[in-house]
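Enquirer: Structural data only, the sequence is not supplied:
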C-alpha cells in the first residue's frame with residue numbers, strides 16, 4: 001500500500017503561487033500524488049493567509065478541497081489535550097497549531113508521510129520518539 005500523504009502549508013502555497021521558490025518542486029510533487037491528500041483546517045487557514053499576503057487568490061486553497069485534491073481529515077475538537085502537549089513539548093521551536101495537527105495526524109494513522117517545506121518537521125517526533133516520514137524539497 002502506498003503512503004498516505006499529509007500536506008503542510010508550504011506545498012499548497014508553492015503549487016498555487018508561481019513566484020514561490022519551491023513552485024517547480026511542488027508542481028512535480030503534486031503531479032505524482034494520488035488524490036486526495038490529507039490536511040487540516042489550520043493548514044488551509046495558514047495557506048489562505050500567506051497567499052493573500054503574496055497577492056494571490058486565497059480562494060484557490062478551498063478550491064483544492066472542492067476539487068478533491070485535498071481532504072480535511074482531522075478535527076481539532078477531539079484532540080485538544082494531545083495538541084496542547086505537542087505545542088508545549090516544542091515551545092522552543094515554536095510549534096504552530098497547524099504543525100501540531102499534522103504531527104497528530106501521523107500518530108493516528110499508519111503509513112503516512114508529511115509533505116512539507118518546513119524544516120521543523122525534521123525535529124518533530126510522532127508518538128514522542130518516532131521520526132516522521134517526510135517528502136521535502138532538496139535542502140530542507
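Expert: Okay, I see it. Remember, it's a predicted structure, so these values are computed and weren't measured experimentally. Numbering: from 1, shown residues only.
Enquirer: low-scoring stretches of this structure, by residue?
Expert: 1 (pLDDT under 70).
Enquirer: Sketch out the helices for it, chain order is fine.
Expert: Applying DSSP state H to the chain gives helices spanning 9-16, 23-32, 41-53, 59-66, 80-89, 97-108.
Enquirer: Buried ones in stretch 128-140, by neighbour count?
Expert: The neighbour-count check on stretch 128-140 (16 or more other CB atoms under 10 Å) flags 132, 134, 135, 136, 137, 140 as buried. Glycine gets a C-beta too; all of them are placed from N, C-alpha and C.
Enquirer: Out of those residues, which is nearest to residue 42?
Expert: residue 132 (17.0 Å; CB to CB).
Enquirer: and that closest one, what does it touch?
Expert: Counting by CB atoms under 8 Å, 6 or more residues apart in numbering, residue 132 makes contact with 103, 106, 113, 114, 121, 124, 125, 126.
Enquirer: what would these look like in CSV with distance to residue 69 and neighbour count?
Expert: Below are these laid out as CSV (distance: CB to CB, whole Å; neighbours: other CB atoms under 10 Å):
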residue, distance to residue 69, neighbour count
103, 22, 25
106, 20, 23
113, 17, 17
114, 17, 24
121, 21, 23
124, 25, 22
125, 28, 16
126, 24, 20
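Enquirer: Against residue 87, how distant is the closest residue to residue 86 other than its chain neighbours?
Expert: Distances taken as CB to CB, 6 or more residues apart in numbering place residue 100 nearest to residue 86, at 4.4 Å, with adjacent residues excluded. Noted for residue 100: a distance of 5 Å to residue 87, by CB to CB, to the nearest Å.
Enquirer: And these two? Which one has more around it.
Expert: Between residue 100 and residue 87, residue 100 has the larger neighbour count (other CB atoms under 10 Å), namely 24 against 17.
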